[in-house]
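Student: no FASTA, just this:
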C-alpha cells in the first residue's frame, strides 16, 4: 500500500489516477440531483464536468503541493472523491477537507470512515497540524459526519463558498493533531469521539 493510501474494512482512499476519470464521471452524471446542491460552482462561469481534464488538474495541484486528491473506493469500486485542499505549510500547517459519495452507497458509514482515514494520513504522513471541514447548515448528512468524528465547531462563515450558483453560508469545524493522538479513526471506532464537540449555537 502506498504511503498516501489507507483502508479500513471495505473502504479505501488512495490518490486519484488517470483511469479513475471514467468511473468518477459516471458517478457524477448519475448523481446530479443528489450532488448538485452541495457542489462548488464558479461565480465567473460554468465549471466543466469533464473528469479527464478534472483529474489532470487535480494531479497538477498535487504536484504543486496545493492539494492531495483521493478517490474513495468501497469493496474495490470507485464511489466518490475526497480532496485535501488549501494546504498551508510552516507555522499554519493546515488544510481543508471536501468530499462526495454516490447516493447508492450513502448511509453505510463510508464517508466518516474516509474522512477519518484522510485526517489520520494528514496528521501522520503529511505532518499537518490542523484539519478543517466547512459545511452548509442545510447539509444534514455532512453535519452528522463531523459529529460522529468529534470535529470541533469553530464558527460561522457567512457567504463563504460559491455553491450551487450562489455564495453560501457555512459552519466551520476542525481538529488538531493533539485532539486525537491515537488517531481519528481509532477514536471514533472506540466510541471516544465527543459528538458534542460539533454542537452549533441556535442562531449563527
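Tutor: Everything's here; your move. Bear in mind the structure is a predicted one, so any value in this text is a computation, not a measurement.
Student: the chain: strands as residue ranges?
Tutor: 6-8, 11-15, 68-74, 77-88, 94-101, 130-135, 152-163, 166-176 (DSSP state E).
Student: what's the most buried one of those strands?
Tutor: Highest mean neighbour count among those (mean count of other Cβ atoms under 10 Å): strand 68-74, with a mean of 23. Where you see a C-beta, it was placed from the backbone N, CA and C, and this is true even at glycine.
Student: may I ask which helix or strand of this protein has the lowest mean pLDDT?
Tutor: One helix or strand of the chain scores below all others by mean pLDDT, DSSP states H and E: helix 32-35, with a mean of 88.
Student: measure residue 186 to residue 116 for me?
Tutor: Applying Cβ to Cβ, to the nearest Å, the value for residue 186 to residue 116 is 9 Å.
Student: before we move on, what about residue 90?
Tutor: Distance, residue 90 to residue 116, by Cβ to Cβ: 26 Å.
Student: which positions within the lengthiest helix in the chain qualify as buried?
Tutor: Longest among the helix segments of the chain by residue count, using DSSP state H, is helix 110-124. Neighbour counts over helix 110-124 (16 or more other Cβ atoms under 10 Å) mark 110-123 as buried.
Student: closest to residue 165 out of those?
Tutor: Distance ranking of the buried residues of helix 110-124 against residue 165, using Cβ to Cβ, places residue 111 first at 24.0 Å.
Student: who's in contact with the closest one?
Tutor: Contact analysis of residue 111 by Cβ atoms under 8 Å, 6 or more residues apart in numbering lists 72, 80, 99, 101, 141-142, 145.
Student: likewise for residue 131?
Tutor: Residue 131 touches 84, 94-97, 119, 122-123, 174-176, counting by Cβ under 8 Å, 6+ apart.
Student: turn those into CSV, including pLDDT and distance to residue 198.
Tutor: Converted to CSV, these look like this (pLDDT from 0 to 100; distance: Cβ to Cβ, whole Å):
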residue, pLDDT, distance to residue 198
84, 98, 20
94, 98, 18
95, 98, 19
96, 97, 16
97, 98, 14
119, 98, 14
122, 97, 19
123, 97, 19
174, 98, 10
175, 98, 10
176, 98, 15
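Student: what's the farthest-apart pair in these?
Tutor: With Cβ to Cβ as the measure, no two of the contacts of residue 131 lie farther apart than 84 and 176, at 15.3 Å.
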